[in-house]
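[1] predicted model and sequence below, questions to follow.
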Amino acid sequence: MPLCGAAAGHTHQPSRRPSPPLVWLLLLLGAGGLWWHWPLLAPSLPLRGRSTAIVVLAEDPRRTEAALDLWQQQPDQPLWILGSASLQLASRQQLRRRGLDPSNPLLAALPAGDDTVGQLTALTSRLPQAIGRVTLITDQAHRDRALAIARHALGGEGIAVSSPPPLELPPASPGEDPLRLQRDVLRVQLWRISGWDGRELGLWLRRRPS
């Protein structure tokens, strides 16, 4: 018996589903995107404590002075001073000139790291679990790159990073090449994958820490 109406000339076409390789590719791309952006997402989740630490990149003594100004206003917060051994010595002298005790248990010195990437990646394993926020002190010329590095390095641990405008300092040098920011974010992502930030390659680093 012939089929009636529109059904007579048409057969049912099953809906197409993505092939298994395409599904895996999409899942891989989604997972990769989540991994890449995780440091920017994690600080919004309750992964750590609620305490705040002040962190200063102490290559310029004016940065340390600004950090000490803030610390004297908020003396219950820990202060982390990041820089080489010679910079740590200079920071202790700045403390003494203010009548502050360098042996205060809320003061922490971190001389590890050859540059900003090395310093901030080293900090990730040092901060206590109670620390969920960091106030980062640096100068205006360095601020954008330092914040990008810190948010990718510390953000993956669930630590939110800020650098309040009132603490921005006059630039000590002309503004940085924007490509340096992109380069150092890639270095942090390399560190997240492998634990190595590429510093030994040399061409990514200047001789003087920054």
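    On my side now, so go ahead. For clarity, every value in this text was computed on a predicted model and none was experimentally measured. Numbers count the residues shown, from 1 in each chain.

[2] which helix or strand in the chain has the lowest average pLDDT?
    Scoring the helices and strands of the chain by mean pLDDT, DSSP states H and E places helix 20-41 at the bottom, with a mean of 80.

[3] so which residue is dead centre in this structure?
    Nearest to the geometric centre of the chain sits Ala150, at 2.1 Å (C-alpha atoms, centre = their mean).

[4] where does the residue nearest to that residue when sequence neighbours are not counted land in three-state SS?
    Excluding the flanking residues, the one nearest Ala150 by C-beta to C-beta, 6 or more residues apart in numbering is Val161, at 4.4 Å. C-beta coordinates here come from the backbone N, C-alpha and C atoms, glycine included. In three-state terms, and counting by DSSP: H, G, I helix; E, B strand; the rest coil, Val161 is strand.

[5] report how many residues lie close to Val161.
    22 (other C-beta atoms under 10 Å).

[6] for this structure, just list every one of the strands.
    Taking DSSP state E as the criterion, the chain carries its strands at 51-57, 79-82, 107-110, 131-137, 160-162.

[7] go through the ones you listed and name the closest to Pro21.
    The minimum distance between Pro21 and those falls on strand 160-162, with 38.9 Å, by C-beta to C-beta.

[8] among the strands of the chain, which is nearest Asp184?
    strand 51-57 (12.8 Å).

[9] average pLDDT across that closest one?
    Average pLDDT, strand 51-57: 97.

[10] show me what that strand pairs with in its sheet, parallel or antiparallel.
    Applying DSSP bridges to the sheet, strand 51-57 is found paired with strand 79-82 (parallel), strand 131-137 (parallel).

[11] in the protein, where is pLDDT below threshold?
    1-18, 165-175, 202-210 (pLDDT under 70).

[12] change it to 50
    Scanning the chain for pLDDT under 50 picks out the ranges 1, 3-8, 166, 203-204, 206-210.

[13] now the helices for this structure?
    Here the chain has its helices, by DSSP state H, at 20-41, 61-73, 85-97, 116-124, 140-155, 178-194.

[14] got a markdown table for those helices, with distance to Ala53 too?
    Below are these laid out as a markdown table (distance: least, C-beta to C-beta, whole Å):
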| stretch | distance to Ala53 |
| --- | --- |
| helix 20-41 | 17 |
| helix 61-73 | 10 |
| helix 85-97 | 16 |
| helix 116-124 | 9 |
| helix 140-155 | 10 |
| helix 178-194 | 19 |
